[in-house]
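Asks: Below is the sequence, then the predicted model.
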Amino acid sequence: MGQFTFIKTDIEDLYIIEPKVFGDNRGYFMETYNYNDFKAAGLDMVFVQDNQSRSKKGVLRGLHFQKKNPQGKLVRVIEGEVYDVAVDIRPGSKTYGKWHGVLLSKENKRQFYVPEGFAHGFLVLSDVAEFVYKCTRFYDPTDEGALYYADPDIGIDWPISEGMEVLLSEKDKKNGAFQDLNR
């Protein structure tokens, strides 16, 4: 029996993953990835790089992707809480331009599998968040692509609370428009 529950979203190949957590008065244990369990669920990928970031409240990273060598990402939060979003940018996909968001936190221990061909980003909701993820391909700075987080053609409903300042990198302030993606 597997150690995960794989929840299909309304976008093909995009999954929310809930690990089984074994806890007692000493703490807890859980697997965060198991090739055999993922393969049995139809997620037969190989990860080649792990990344970790720490961000403060209001930081919005994204929406990032690689153009010619897209990365699949298995993302989770080990401290704090983020709203994580994936946008389908696969040409010819029946859900092209659709997005799905999920709350990831230290408490819920959920993971989000964002397959190759998606733009990805997250907004930090807690005072601080540590975000970790596995990638199916190596990062290539010469292959970067990005979409503006508030693009009206995508229409992401970010949970930006009243008074929350959205903090973007200088690079993310210049991200492109969805309508220009395949031009």
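Replies: Nice, thanks for sending it over. Numbering: from 1, shown residues only.
Asks: Please make it C-alpha for all contacts and neighbour counts, starting now.
Replies: Noted.
Asks: Point out where this protein drops to low pLDDT.
Replies: 1, 183 (pLDDT under 70).
Asks: now the strands for it?
Replies: Under the criterion DSSP state E, the chain contains strands at 4-8, 15-19, 22-24, 27-29, 49-56, 60-66, 73-79, 81-88, 99-105, 111-114, 118-124, 128-135, 144-146.
Asks: who's in contact with the closest residue in space to L167 that isn't next to it in sequence?
Replies: With sequence-adjacent residues excluded and distances taken as CA to CA, 6 or more residues apart in numbering, L167 is closest to V59, at 4.5 Å. Contact partners of V59, counting by CA atoms under 8 Å, 6 or more residues apart in numbering, are 123-124, 166-168.
Asks: How many neighbouring residues does P159 have?
Replies: By other CA atoms under 10 Å, 13 other residues sit near P159.
Asks: show me the contacts for it.
Replies: Counting by CA under 8 Å, 6+ apart, P159 makes contact with Y83.
Asks: That one and D84: what is the separation?
Replies: P159 sits 10 Å away from D84 when distances are taken as CA to CA, to the nearest Å.
Asks: ok, now T136?
Replies: Summarising the geometry, the distance separating T136 from D84, computed by CA to CA, is 18 Å.
Asks: coming back round to it: with distance to A177 added, can I get the strands of the chain in a markdown table?
Replies: A markdown table is the format used below for the strands of the chain (distance: least, CA to CA, whole Å):
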| stretch | distance to A177 |
| --- | --- |
| strand 4-8 | 28 |
| strand 15-19 | 26 |
| strand 22-24 | 44 |
| strand 27-29 | 42 |
| strand 49-56 | 25 |
| strand 60-66 | 11 |
| strand 73-79 | 22 |
| strand 81-88 | 13 |
| strand 99-105 | 15 |
| strand 111-114 | 21 |
| strand 118-124 | 12 |
| strand 128-135 | 25 |
| strand 144-146 | 9 |
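Asks: among those, which is nearest A40?
Replies: Across these, A40 has its closest neighbour in strand 4-8 (10.3 Å, CA to CA).
Asks: Send over that closest one as CSV, restricted to the C-alpha atoms.
Replies: Extracted in CSV, the C-alpha atoms of strand 4-8 (Å, rounded to 0.1, in the frame of the first residue of the first chain):
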residue,chain,number,x,y,z
PHE,A,4,0.5,9.0,-0.6
THR,A,5,-2.9,10.1,-1.7
PHE,A,6,-2.8,11.5,-5.2
ILE,A,7,-5.6,14.1,-5.8
LYS,A,8,-6.3,14.9,-9.5
